[in-house]
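**Student:** give the three-dimensional model of this entry:
(one chain, ligands or ions: 1)
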Amino acid sequence: MKTFKPKSWMLPQPVLIIGTYNEDGTPNAMNAAWGGQWDAKEIVISMGAHATTQNLNRCGEFTVAFATVDTMIASDFVGIVSAKNTPDKMQKTGWTAVKSDSVNAPIFTDFPMTLSCRIKEKIDESAEGYYIVAEIIDIAADEKYLCTDGNPDVEKMQLITYNPIQHTYIALGKTVGNAFSDGKKLK
Ligand SMILES: Cc1cc2nc3c(=O)[nH]c(=O)nc-3n(C[C@H](O)[C@H](O)[C@H](O)COP(=O)(O)O)c2cc1C
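**Tutor:** Modelled structure (predicted):
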């Protein structure tokens, strides 16, 4: 085994698209890989000091969409360009924004599934940012990604994961097993 110094190599990492409203009411989006489920109905996100952070300081509501193969280029773009100095940032993505029914934040309809969230707690707040713990208020899924049981079908979504070692995006593949079930074969 080769040993490496500590790095942000937790695998696999998501490609989260955080949607907020700017001060003038226009939508903004940023890319975040450092986030995940915190509790049954709560998520956590490590937030730096961005235009999104300023938006969240005004209104603690936001959306989280999951980037896909089709949205990959624009999802990377919103992670390397800031609304602080690029006023037409969102026009360049070509995404369509509608207001979430449950929170004051935009849903980008180009994504299969979006969480509407409200900040519950900010941890270690400083000029560099903070860790958000947020409640999931509801989840919107495009009907064309639903399976026969009515739930969103993850396999249909063509989600991507961020690879923090080679700095690439990798498409998620096919279902290979059943959780809480296949392991029973070894019981
Ligand atoms: C792959 C990738 C992952 C990123 N992950 C995070 C993250 O977890 N937290 C964070 O604060 N910024 C993250 N960023 C940086 C922000 O997305 C970036 O600074 C963005 O331009 C902020 O936009 P805004 O200033 O318009 O809000 C990431 C960027 C990329 C490309």
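**Student:** does the residue in the chain that the ligand sits nearest to count as helix, strand or coil?
**Tutor:** Here the chain gets closest to the ligand at one residue, Gly79, 2.7 Å apart by CB to the nearest ligand atom. Using the backbone N, CA and C atoms, a C-beta is placed for each residue, glycine as well. When states are read from DSSP: H, G, I helix; E, B strand; the rest coil, the local structure at Gly79 comes out as helix.
**Student:** hang on, it packs against Trp34?
**Tutor:** No: the criterion here is CB atoms under 8 Å, and Gly79 misses it with Trp34 at 11.7 Å.
**Student:** who has more neighbours out of these two?
**Tutor:** Gly79 (20 against 17; other CB atoms under 10 Å).
**Student:** for the closest residue to that one other than its chain neighbours, helix, strand, or coil?
**Tutor:** If the residues on either side of it in the chain are set aside, Gly79 comes closest to Asn31, at 2.9 Å by CB to CB, 6 or more residues apart in numbering. Per three-state DSSP, the secondary structure class of Asn31 is strand.
**Student:** show me what Asn31 is bridged to.
**Tutor:** Using DSSP bridges, the beta-bridge partners of Asn31 come out as Ile17.
**Student:** around the ligand, which positions in this structure sit nearby?
**Tutor:** 28, 30-34, 46-48, 50-52, 76, 79-84, 129, 162 (CB under 6 Å from any ligand atom).
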